[in-house]
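Novice: what shape does this take:
(chains A and B)
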Amino acid sequence: MVLLQDLSKSYDKGNVKAVEAVSLEVPQGELFGLIGPDGAGKTTLFRMLTTLLLPDGGRATVNNLDIVKDYKAIRSQVGYMPGKFSLYQDLTVEENLNFFATLFGTTIEENYHLIKDIYQQIEPFKNRRAGKLSGGMKQKLALSCALIHKPTVLFLDEPTTGVDPVSRKEFWEMLKRLKAQGITILVSTPYMDEATLCDRIALMQGGKILAIDTPDAIVQQYPEKLYGVRAAAMQKLLLDLRAYPNTLSCFTFGEYFHLSFKDDHAGAAEDLERYLESKGHERIGIGEVTPTIEDCFIRLLKQ
Amino acid sequence: MEAVIKTDKLTKRFGDFIATNNITFEVYAGEIFGFLGANGAGKTTAMRMLTGLSTPSSGSATVAGFDVYRETERIKKNIGYMSQKFSLYEDLTVMENIRFFGGIYGLSDKAIKEKSDMLVEQLGLASEKKKLVGALPLGWKQKLSFSVAVLHDPKIVFLDEPTGGVDPLTRRQFWDLIYAATSRGVTVFVTTHYMDEAEYCNRISIMVDGSIKALDTPYNLKREFGVGSMDEVFYKLAREARRSAD
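Specialist: Reported below is the predicted structural model:
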């Protein structure tokens, strides 16, 4: 279990507030997602919780151990996969894994069952130097090394950044299997679509938490009705929609524009359709859509 | 339609490894062309050949009408390039960066002055223009990089994962800039890992193991594969990949 109370950290003599009074609670066995763009404070938060960085204010515990006082005990109980590849490039795959196992007083054999799923995929290359691995393989090795001492809490800092959609999907399936073994997982990501794969999420920007809840609950809190709009000439459509007097907000979203009205009266959609026809648009489609986490994030950023 | 990029069986080998294998395609003037593929599919190698940074092993290609073997310097003058790695000078101010790159591209002092005023205004950076670029938030940096990449009104701009790690609102503002550039006639060649952005492209190619496995409009690709989103199209193609993902 992980507990944060008003945890804060600033850099540059207090000028840059990286993390500002963040409070949250992650119960044991939960898959918790920290969702936010670069610079949101995700890495700083993880570095404090893994005892690599001292907070300026507030407090936090991991498995009821204080992150400042009990840092040594915490280190043996958590696994950490930093965003930047941090294994030894000039050691082989197996040497890296062995190194981390030894460091924590265990062996590869003892905890092989934990990493089997993941490690088997790179085992054919166990004599290759880590620096010579492809990105996807490095990621699997890093996860294996973070797991080899059987941690109860796992911190994964942007494990899927820059990874293609297929490898991302595989990675999340691995996380689900780890969660099934009772490991508490805190994972950060800039990809909004990964939010729905978590039990609960915190949306983070500028060192602060904008919202924290289950992905479903966050979506249900979206205050306006959201419409998907499309037409034959999309670039012109965007300009016309933004100029429409009853438009509250309108932004690109995949093959549609997502639009909400200032005054969503009965017939608002039909009024818009007539307006677009008068502007010469063809093949107009307007329909209500369910907001996604990304819609919610955009709305929170605009507030 | 006028083709501004034309390739015919373009290939790059590194020893026994064929990074880019016989790719043939055209990019039309004024379009947004999405160049997709899994990590390790050969996108970067293909882009390096098209931007005149790497000599092909075989095949042919022209970019902005210039040959990728013989006229690489002329290609470089006629294109803009923005990489996923931020490459403006962090210890120069916004204005100094604009002036520097304008000078590199051979713009006159007068043109640079006009362009930089317009650009700063457009990006809403007026109060930041004397700040060091290193102090700007990532989203601003990316928008500034793009604007600098099209400062010299190139025929084509190559964007290599321009929106990685950027917040969703800034990502959309970035696409507004792309649309604005295309309305001025700039052709956009873009790679991305965000499948929703694939939908913003006029046409898309998807590379798997060095070859182009699909090329069409997002609408036609979804129909061809019988799925509802570009994400699924990509997944169907890329999971067949035999090369290890990088």
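Novice: CA only for contacts and neighbour counts going forward, please
Specialist: Fine.
Novice: tell me the spatial nearest neighbour of residue 94, not counting adjacent residues.
Specialist: Using chain A here. A:Lys126 (5.1 Å; Cα to Cα, 6 or more residues apart in numbering or on different chains).
Novice: I was after chain B.
Specialist: B:Lys129 (5.0 Å).
Novice: show me what contacts the one you found?
Specialist: Contacts of B:Lys129 were listed using Cα atoms under 8 Å, 6 or more residues apart in numbering or on different chains, and they are B:93-95, B:120.
Novice: change it to 10 Å
Specialist: B:93-98, B:116-117, B:120-121 (Cα atoms under 10 Å, 6 or more residues apart in numbering or on different chains).
Novice: before we move on, what about A:Val93?
Specialist: A:Val93 sits in contact with A:87, A:119, A:122-133, A:137-138, A:141-142, A:145, where contact means Cα under 10 Å, 6+ apart.
Novice: do the longest helix belonging to chain A and chain B come into contact?
Specialist: Criterion DSSP state H: the longest helix present in chain A is helix A:165-180. Yes: using Cα under 10 Å from any Cα of the partner chain, we find that helix A:165-180 touches chain B at A:165-167, A:169.
Novice: for the record, mean pLDDT for stretch B:159-166?
Specialist: For stretch B:159-166, mean pLDDT rounds to 87.
Novice: please compute how far it lies from its chain's middle.
Specialist: Distance, stretch centre to chain centre, for stretch B:159-166: 9 Å (Cα atoms, centre = their mean, to the nearest Å).
Novice: again with stretch B:230-237
Specialist: Distance, centroid of stretch B:230-237 to centroid of chain: 21 Å (Cα atoms, centre = their mean).
Novice: mind listing what's buried in that stretch?
Specialist: B:230-235, B:237 (16 or more other Cα atoms under 10 Å in any protein chain shown).
Novice: near chain A, from these?
Specialist: B:230-232, B:234-235, B:237.
Novice: what's opposite the residue nearest the centre of chain B in the beta bridge?
Specialist: Central residue of chain B (Cα atoms, centre = their mean): B:Leu159, 2.0 Å from the mean position. B:Leu159 has these beta-bridge partners by DSSP bridges: B:Met82, B:Val190.
Novice: correct me, but it touches B:Thr191?
Specialist: Yes: if you go by Cα atoms under 10 Å, B:Leu159 and B:Thr191 touch, sitting 6.3 Å apart.
Novice: okay, and the common contacts of these two?
Specialist: Common neighbours of B:Leu159 and B:Thr191 (criterion: Cα under 10 Å, 6+ apart): B:34-35, B:47, B:83-84.
Novice: could these be laid out in a markdown table, adding neighbour count, distance to chain A and pLDDT?
Specialist: Shown next, in a markdown table, are the shared contacts of B:Leu159 and B:Thr191 (neighbours: other Cα atoms under 10 Å in any protein chain shown; distance: Cα to the nearest Cα, whole Å; pLDDT from 0 to 100):
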| residue | neighbour count | distance to chain A | pLDDT |
| --- | --- | --- | --- |
| B:Gly34 | 27 | 13 | 96 |
| B:Phe35 | 25 | 13 | 96 |
| B:Met47 | 19 | 17 | 94 |
| B:Ser83 | 17 | 13 | 85 |
| B:Gln84 | 16 | 10 | 79 |
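Novice: and those residues as CSV, adding distance to B:Leu215 and secondary structure?
Specialist: Formatted as CSV, those follow (distance: Cα to Cα, whole Å; DSSP: H, G, I helix; E, B strand; the rest coil):
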residue, distance to B:Leu215, secondary structure
B:Gly34, 10, strand
B:Phe35, 9, strand
B:Met47, 16, helix
B:Ser83, 23, coil
B:Gln84, 23, coil
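Novice: what is the nearest of the residues you listed to A:Glu20?
Specialist: B:Gln84 (28.7 Å; Cα to Cα).
Novice: got a list of what the closest one touches?
Specialist: Here B:Gln84 is in contact with A:162, B:142, B:159-165, B:191-192 (criterion: Cα under 10 Å, 6+ apart).
Novice: with B:Ala3 as the reference, measure out to it.
Specialist: 26 Å (Cα to Cα, to the nearest Å).
Novice: okay, A:Ala269 and A:Cys250: tell me how far apart.
Specialist: On the measure of Cα to Cα, A:Ala269 and A:Cys250 end up 14 Å apart.
Novice: do I have it right that A:Ser8 meets A:Lys42?
Specialist: No: A:Ser8 lies out of contact with A:Lys42 (Cα under 10 Å); the separation is 12.0 Å.
Novice: what's the overlap in contacts for these two?
Specialist: A:18-19, A:207-208.
Novice: now, which of these lie close to chain B?
Specialist: Of those, not one also sits near chain B (Cα under 10 Å from any Cα).
Novice: using a markdown table, lay out the residues you listed together with secondary structure and neighbour count.
Specialist: Converted to a markdown table, the shared contacts of A:Ser8 and A:Lys42 look like this (DSSP: H, G, I helix; E, B strand; the rest coil; neighbours: other Cα atoms under 10 Å in any protein chain shown):
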| residue | secondary structure | neighbour count |
| --- | --- | --- |
| A:Ala18 | strand | 21 |
| A:Val19 | strand | 28 |
| A:Gly207 | coil | 23 |
| A:Lys208 | strand | 20 |
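Novice: between the ones next to chain A among the buried residues of stretch B:230-237, which is nearest chain A?
Specialist: Lowest distance from chain A to those (Cα to the nearest Cα) belongs to B:Tyr235, with 5.9 Å.
Novice: over to the closest one: give its phi and psi.
Specialist: With angles defined as degrees, to the nearest 10, B:Tyr235 sits at phi -60, psi -40.
Novice: contacts only, for the closest residue to it other than its chain neighbours.
Specialist: Leaving aside its chain neighbours, B:Tyr235 sits nearest to A:Val166 (5.9 Å; criterion: Cα to Cα, 6+ apart). Residues near A:Val166 by Cα under 10 Å, 6+ apart: B:38-39, B:231-232, B:234-239, B:241, B:245.
Novice: report the contact partners of residue 221.
Specialist: Just going to use chain A. Per Cα under 10 Å, 6+ apart, neighbours of A:Gln221: A:291, A:296.
Novice: nope, chain B please
Specialist: Applying Cα under 10 Å, 6+ apart, the residues contacting B:Leu221 are B:203-205, B:214-215, B:227-230, B:233-234.
Novice: inside strands: which ones of those?
Specialist: B:203-205, B:214-215 (DSSP state E).
Novice: can you add distance to chain A, neighbour count and pLDDT and give those residues back as CSV?
Specialist: Shown next, in CSV, are the ones in strands among the contacts of B:Leu221 (distance: Cα to the nearest Cα, whole Å; neighbours: other Cα atoms under 10 Å in any protein chain shown; pLDDT from 0 to 100):
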residue, distance to chain A, neighbour count, pLDDT
B:Arg203, 13, 21, 95
B:Ile204, 13, 25, 96
B:Ser205, 15, 21, 96
B:Ala214, 16, 17, 95
B:Leu215, 17, 18, 96
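Novice: which SSE is A:Phe257 in?
Specialist: strand A:256-261 (DSSP states H and E).
Novice: heading C-terminal from that strand, find the next helix or strand.
Specialist: helix A:268-278.
Novice: tell me the mean pLDDT over that next one?
Specialist: The model assigns helix A:268-278 a mean pLDDT of 96.
Novice: can you name the next helix or strand after that helix?
Specialist: Downstream of helix A:268-278 (by DSSP H and E), the next one is strand A:285-289.
Novice: any part of the helix or strand following that next one near chain B?
Specialist: Counting by DSSP H and E, the next helix or strand C-terminal to strand A:285-289 is helix A:293-302. Yes: Helix A:293-302 lies within reach of chain B by Cα under 10 Å from any Cα, at A:294-295, A:297-302.
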